[in-house]
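[1] Here is my input, please return the structure:
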Amino acid sequence: MSGPSGAAPDELPRAIGRYKIQARLAGTSTNDVYRGFDPMIERPVVVKVFRLKQVDPAADAALKQAFYQEMQRTGLLMHHGIAALFDAGEEPGMLFMATEYVDGSNLAERLAAGITWDLAGRASIVVQVLDALDFAGQLGVPHLNLKPTNIVIGPGHAVKVGGFGVGSFVSRLAAASSAPGVPVSRYASPERARGEAGDGRSDVYSAALIAREVFLGSDAGSGLPDYLDGQSVDLSQLQAVFARALSANPEDRHATCEALKIDLLLVLGVGDTTVWLDPHVPGGHGSVEAAPDAVTMMTPSGVYVLPDTVTDSFAPAPERPADNSDADTTMMESPGKKKT
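    Have a look, this model is predicted:
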């Protein structure tokens, strides 16, 4: 989704499909990820390439069929917290997909640098990730390859989860290829690490590992972190939530990412409707807890819930004559519309 180039410019393909290639972002034995540019629509994209040169020719047709089926499923994921799939296609020796490019830093980079967010800030990240995973899970499209590198934090602390449509296909590609096996992510569930197909409970496991690192750090057993001083958070209860979500047996985990989110919010005492913007950023705000009679406002990053008292600070939009000839079809809720 975003990141530094890993290859010299002269090693890059000039184009893949209609996309101009600008930088290499990542790669494994079976695939490469590039930052590209769509000259037709004039927007940046991420182009992920799956190499077929080491695939058994007898498996080629079935592999391509599986790829396009996976892309059709992934194309259903129209959600503000998911990097959108724009295109999928093939060229000699490769299959490729083009997805939304997110201008931001991924969660792995943030964790490595040492995050300083407060409880609401950390909860904001985790809740957005779990909401995106739960939306996909309800459509029968588990991620199956979740890790901090494909969680990108953009402007306004808004999260985009990328990498959907890749997990199960990469496993199948590796099995049909003579290339070295793809390394297993340390965030993979036990069943995924064993090479099994996995399902939404595999995402629960991976998301719980990431959430535990966000809330408790890489050394999760070292006691209550400093940022929780003064907070009424019971560490043993929080650890119990993670222990259930990280059960080796998928049947013992939370059934969905939504169920995991609810347990975490109850233990942490943070409302699902908390609005959080980084107070260290000029113009940022602290956390605002939504009232029971809150109203909603749509922003470019998604839907945020604000108390009625907060909306008083927003100037009303000027009225203009109705013009249905070029009406915007994007659904947006007015700040004055009551939440249902």
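[2] Every contact and neighbour count from this point should use C-alpha atoms.
    OK.
[3] any idea which helix is longest in this protein?
    Within the chain, and with DSSP state H defining each element, the longest helix by residue count is helix 119-138.
[4] Direction included, what does the helix or strand just after that one pair against?
    Later in the chain than helix 119-138, the nearest helix or strand by DSSP states H and E is strand 151-153. The partner list of strand 151-153 in its sheet, established with DSSP bridges, is strand 105-106 (antiparallel), strand 159-161 (antiparallel).
[5] who's in contact with strand 151-153?
    By Cα atoms under 8 Å, 6 or more residues apart in numbering, the surrounding residues in contact with strand 151-153 are 1-2, 102, 104-108, 129, 159-162.
[6] Just give me the least confident of these.
    Minimum pLDDT across the contacts of strand 151-153 is recorded for residue 2, with 47.
[7] which residues does residue 64 contact?
    Contacts of residue 64 (Cα under 8 Å, 6+ apart): residue 95.
[8] pLDDT averaged over the strand or helix carrying it - what is it?
    Under DSSP H and E, the secondary-structure element containing residue 64 is helix 57-74. If you average the pLDDT over helix 57-74, you get 88.
[9] buried residues in it?
    Using 16 or more other Cα atoms under 10 Å as the test for burial, helix 57-74 gives 60, 63-64, 66-68, 70-71, 74.
[10] orientation of whichever helix or strand comes after that helix relative to helix 57-74 in degrees?
    Next along the chain after helix 57-74, taking DSSP H and E as the criterion, comes strand 85-91. Here strand 85-91 runs at an angle of 170 degrees relative to helix 57-74 (axes from the mean of the first three to the mean of the last three Cα atoms, to 10 degrees).
[11] Can you list the helices and strands that strand 85-91 packs against?
    Contacts defined by 3 or more Cα pairs under 8 Å, 6 or more residues apart in numbering; DSSP states H and E place strand 85-91 against helix 57-74, strand 94-100.
[12] Contacts for the last one next, please.
    In other words, strand 94-100. Contact with strand 94-100 is made by 1, 16, 44-53, 64, 83-90, as judged by Cα under 8 Å, 6+ apart.
[13] partner strands of the host helix or strand of residue 47, parallel or antiparallel?
    According to DSSP H and E, residue 47 maps onto strand 43-51. As defined by DSSP bridges, the strand partners of strand 43-51 come to strand 31-38 (antiparallel), strand 94-100 (antiparallel).
[14] Now tabulate the strands paired with strand 151-153 in JSON lines and tack on mean neighbour count and distance to residue 31.
    Output for these, formatted as JSON lines (neighbours: other Cα atoms under 10 Å; distance: least, Cα to Cα, whole Å):
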{"stretch": "strand 105-106", "mean neighbour count": "21", "distance to residue 31": "20"}
{"stretch": "strand 159-161", "mean neighbour count": "28", "distance to residue 31": "19"}
